[in-house]
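Participant: Show me how the following folds:
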Amino acid sequence: MAADTAAERFLAEALARQMHNVGAHDFGGERVWVKKAGPRNPRWRYMLMGFLSRALGLGVLSPVPNFGGADAINTEVRRLQTLAAQGVFVPEVLAWSDTGLMLKDLGSTGEPGLSLQQEMATAKDVSACLALFDEGLAALADLHRRGGYLSQGFARNMVRAANGRIAFIDFEDDPGRALGLAQCQARDWLCYLHSTALILDQRELLEAAAPRVRAALAAVDADIRAQVLRTAGRLAWLRHLPRGRRFGRDGQRLRAVAWLLQGLSR
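Facilitator: Residues are numbered from 1 along each chain as shown. Just a heads-up that it's a prediction; the model follows:
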């Protein structure tokens, strides 16, 4: 339990009245976020992901179970505290119990900050969209230099704080339980590209973004780069999927990811 008993009491009261899994509250004149412990994710999600990772020979995409309940809460608290100690910008944990946790807001008392994914999708022009993509690459590289890794490194989990910095959220599972550090960090790169590729494609920015991806990955540790290179080789054929709705949104996203990774397998 956290040391601040006032925060503990407030958390217990908020959990009792909160209807949704995540909600904003006022605590001592400041906004905080309360998260309820959720159920375990269905086993079929992990079975499907496990099959795909084995079929493609990509251990980096191995599923990481989210056991829900107290395990997910304790995992998120531990991961947030570890990342904070590494100098990574994450929400501060104010209190927690087996049924939920309370996080300090990322410095704003107004509307919640947009995620990087939302900012890219609504950017006023292609230059602004590409600059935001670069910012995400830089934030991820800085995180890894500090020895950290994410749980789900999607752009939706990179949030703009009031001070203008990008903060990382959502740590209910821990890839480090199943993967080595290099695999965890390679997984971050792939998740980030997966969550931004379709936006870049829709803005016709894949050709402009691909060299930026190559430059970012050229600066990472060799073990991490090897993991991403292997994935690039396995996915290269997806570049030849036709544009359009025939293969659905997921197919178009994979096609765009393959374009971003082009040249890395050679």
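Participant: Could you tell me which ranges of the stretch 151-266 of the chain sit under the pLDDT cut-off?
Facilitator: 244-248, 263, 265-266 (pLDDT under 70).
Participant: Spell out the residue ranges of the helices in the stretch 51-200 of the chain.
Facilitator: 69-85, 116-121, 126-145, 181-202 (DSSP state H, counting those that start in this stretch).
Participant: what's the most buried one of those?
Facilitator: Neighbour counts (mean count of other Cβ atoms under 10 Å) averaged over each of those peak at helix 181-202, with a mean of 23. From N, CA and C alone the C-beta is placed, and that goes for glycine too.
Participant: With only the CA atoms kept, save that one in PDB.
Facilitator: Extracted as PDB, the C-alpha positions of helix 181-202 are listed here (Å, rounded to 0.1, in the frame of the first residue of the first chain):
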ATOM      1  CA  LEU A 181      15.200  -6.700 -22.600                       C
ATOM      2  CA  ALA A 182      16.300  -6.600 -26.300                       C
ATOM      3  CA  GLN A 183      13.100  -8.300 -27.300                       C
ATOM      4  CA  CYS A 184      11.000  -6.000 -25.200                       C
ATOM      5  CA  GLN A 185      12.500  -2.900 -26.700                       C
ATOM      6  CA  ALA A 186      12.200  -4.300 -30.300                       C
ATOM      7  CA  ARG A 187       8.600  -5.000 -29.500                       C
ATOM      8  CA  ASP A 188       8.200  -1.300 -28.500                       C
ATOM      9  CA  TRP A 189       9.500  -0.200 -31.900                       C
ATOM     10  CA  LEU A 190       7.200  -2.600 -33.800                       C
ATOM     11  CA  CYS A 191       4.200  -1.600 -31.700                       C
ATOM     12  CA  TYR A 192       4.900   2.100 -32.400                       C
ATOM     13  CA  LEU A 193       5.200   1.600 -36.100                       C
ATOM     14  CA  HIS A 194       2.100  -0.600 -36.200                       C
ATOM     15  CA  SER A 195       0.100   2.200 -34.500                       C
ATOM     16  CA  THR A 196       1.300   5.000 -36.700                       C
ATOM     17  CA  ALA A 197       1.800   3.400 -40.100                       C
ATOM     18  CA  LEU A 198      -1.800   3.700 -41.300                       C
ATOM     19  CA  ILE A 199      -1.900   7.400 -40.400                       C
ATOM     20  CA  LEU A 200       1.300   8.000 -42.300                       C
ATOM     21  CA  ASP A 201      -0.100   6.000 -45.300                       C
ATOM     22  CA  GLN A 202      -3.300   8.100 -45.300                       C
END
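Participant: Could you point out the helix or strand that follows that helix?
Facilitator: Per DSSP states H and E, the first helix or strand lying C-terminal to helix 181-202 is helix 206-218.
Participant: name the helices or strands packed onto that following helix?
Facilitator: Identification of packing neighbours for helix 206-218 by 3 or more Cβ pairs under 8 Å, 6 or more residues apart in numbering; DSSP states H and E yields helix 126-145, helix 181-202, helix 222-235, helix 248-260.
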